[in-house]
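Novice: Provided below are the primary sequence and the corresponding predicted coordinates.
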Amino acid sequence: MTYHMTIDGGGGFDVAADEDCLLRGALRAGVGFPHDCSVGGCGNCRFDLVAGEMETLWEQAPGLSERDRKRGKRLACQSRPLGDCTIKLRPAAEYLPVVPARRLEAVLERRRAITAEIAEFTFSTAEPARFVAGQYGLVRPPGAEGFRAYSMSNLPNEQGEWRFVIRRVPGGRGSNAMFDRLAPGDRIVLDGPYGHAHHRAEAPRDVVCIAGGSGIGPIVSIARAALGTPGRRLFVFEGARTRADLCFPSLLGDEMAAVEHYTPVLSAEPEDSDWAGARGFVHEQVAQALADRVDACEFYFAGPPPMVEAVQDLLVMRWTVPIERIHFDRFF
Ligand SMILES: Cc1cc2nc3c(=O)[nH]c(=O)nc-3n(C[C@H](O)[C@H](O)[C@H](O)COP(=O)(O)OP(=O)(O)OC[C@H]3O[C@@H](n4cnc5c(N)ncnc54)[C@H](O)[C@@H]3O)c2cc1C
């Protein structure tokens, strides 16, 4: 059974009655519904419901302000159609899925500890793992409400292998469930791929990858893709608190030998330690290292919102890098 969504002003699409939310139904139908995080945090999938009924999945989703709520705005990632509806939205081609998203059953094959808080989870599906480096999948952790977005850290492959680098967030229901309530052999629903901060193999520029915290997952994937693209230089900047929190070398494994420029930057390494590398915030190192070659670079970054904002300020305000050369994910 499907419900028909009429777009006020022209067009429409069908959404399966058992679809998880309007946003994913629209994307699966090939509609470029504006969106970013898919999990209620960013607010980019705001829309107006003109007629019909929709269930709200997460009333307190931070992507809507009080003002939005008063004006009747809704989030497509937190709304589920209960029948035919009319909605107001402006689809845009840039939001069209680059790879069609599917709901797959995934089996946890193994979990490898990377740091005290971060582990690499490897899942397998019966179907090939189709995505572009830098994209994310959505999972519903056992016992937690709603979905969580986790970025793939490997490359697409025919064997159906999906790797994710997940940080255990103190007090976080979803991430803790991934660590404590999933054991090898357990099954989980994996919906994806999503996201537009993916590797642009066609861009004729060097690849700059900047990661903070668990933002390292998609950055490892993009770095792997860049290493496989002839003629691209790769610059990787990893921001972490202490030396023990650095992950990139361990995640990249043997491929690390091919990386010429890796700059780890520590923000909270004890003053008296023998760390001879960079200290401070990761965007400060990017500013120092690349000021004279900005025009030759394509920028990719992922991490917590404050890091993402600092890098955006540097690239957009200080360096006026064209927006088409900037690709990022904020981890809400
Ligand atoms: C595009 C993107 C990619 C990401 N990639 C990674 C990654 O590769 N590795 C990684 O470790 N983290 C990643 N994250 C962050 C990750 O999705 C989680 O936010 C993080 O693991 C914390 O989740 P938690 O459940 O532990 O914390 P919680 O504080 O319990 O939940 C955090 C998030 O879960 C969602 N949520 C919470 N409650 C509800 C509810 N009732 N209904 C619906 N949704 C709810 C919201 O999005 C909220 O921001 C990514 C986030 C985004 C947006």
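Specialist: Structure received. Residues are numbered from 1 along each chain as shown.

Novice: wait, Thr125 sits on Ala106?
Specialist: Yes: counting by Cβ atoms under 8 Å, Ala106 is a contact partner of Thr125 at 5.1 Å. Glycine gets a C-beta too; all of them are placed from N, C-alpha and C.

Novice: dump the residue contacts of Glu120.
Specialist: With contact taken as Cβ atoms under 8 Å, 6 or more residues apart in numbering, Glu120 is in contact with 111-112, 114, 153, 163-166, 251.

Novice: Find the nearest non-adjacent residue to it, please.
Specialist: In this structure, Glu120 finds its nearest non-sequential neighbour in Arg112, 4.6 Å apart by Cβ to Cβ, 6 or more residues apart in numbering.

Novice: The longest helix anywhere in the chain and the ligand, are they touching?
Specialist: Longest helix of the chain, by residue count under DSSP state H: helix 216-227. Yes: for helix 216-227, a contact with the ligand is found by Cβ under 6 Å from any ligand atom, at Gly217.

Novice: In PDB, please show the C-alpha coordinates belonging to that helix.
Specialist: Only the C-alpha atoms of helix 216-227 are listed here, as PDB (Å, rounded to 0.1, in the frame of the first residue of the first chain):
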ATOM      1  CA  ILE A 216      37.100  10.200  11.400                       C
ATOM      2  CA  GLY A 217      34.900   7.500   9.900                       C
ATOM      3  CA  PRO A 218      33.800   9.200   6.600                       C
ATOM      4  CA  ILE A 219      37.200  10.800   6.400                       C
ATOM      5  CA  VAL A 220      38.900   7.400   6.400                       C
ATOM      6  CA  SER A 221      36.600   6.400   3.600                       C
ATOM      7  CA  ILE A 222      37.300   9.600   1.500                       C
ATOM      8  CA  ALA A 223      41.000   9.200   2.100                       C
ATOM      9  CA  ARG A 224      40.800   5.600   0.800                       C
ATOM     10  CA  ALA A 225      39.000   6.800  -2.300                       C
ATOM     11  CA  ALA A 226      41.500   9.600  -2.900                       C
ATOM     12  CA  LEU A 227      44.400   7.200  -2.600                       C
END
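
Novice: What average pLDDT does it get?
Specialist: The average pLDDT for helix 216-227 rounds to 97.

Novice: got the residues of this structure near the ligand?
Specialist: 37, 39-41, 58, 136, 144-146, 148-151, 164-167, 169, 172-176, 195, 214, 217, 329, 331-332.

Novice: among the residues you listed, which are in helices?
Specialist: 173-176, 217.

Novice: Closest one of the residues you listed to Glu324?
Specialist: Glu324 has its nearest neighbour among these in Gly217, at 23.7 Å by Cβ to Cβ.

Novice: can you pull the contacts of the nearest residue to the closest one once chain neighbours are set aside?
Specialist: Counting by Cβ to Cβ, 6+ apart, Val165 is the residue found nearest to Gly217 once chain neighbours are left out, at 3.6 Å. Counting by Cβ under 8 Å, 6+ apart, Val165 touches 114, 118-121, 150-151, 153, 214, 216-217, 220, 247, 251.

Novice: out of the residues of the chain next to the ligand, which are buried?
Specialist: Neighbour-count burial (16 or more other Cβ atoms under 10 Å) applied to the residues of the chain next to the ligand gives 37, 39-41, 58, 136, 144, 146, 148-151, 164-167, 174-176, 195, 214, 217, 329, 331-332.

Novice: right, and the helix or strand after the longest strand belonging to the chain?
Specialist: Determined from DSSP state E, the single longest strand within the chain is strand 102-113. Using DSSP states H and E, the helix or strand that follows strand 102-113 towards the C-terminus is strand 118-124.

Novice: Could you tell me the angle between that following strand and strand 102-113?
Specialist: Comparing the axes of strand 118-124 and strand 102-113 via axes from the mean of the first three to the mean of the last three Cα atoms, to 10 degrees yields an angle of 140 degrees.

Novice: What pairs with strand 118-124, parallel or antiparallel?
Specialist: In the sheet, strand 118-124 lines up against strand 102-113 (antiparallel), strand 161-167 (antiparallel) (DSSP bridges).
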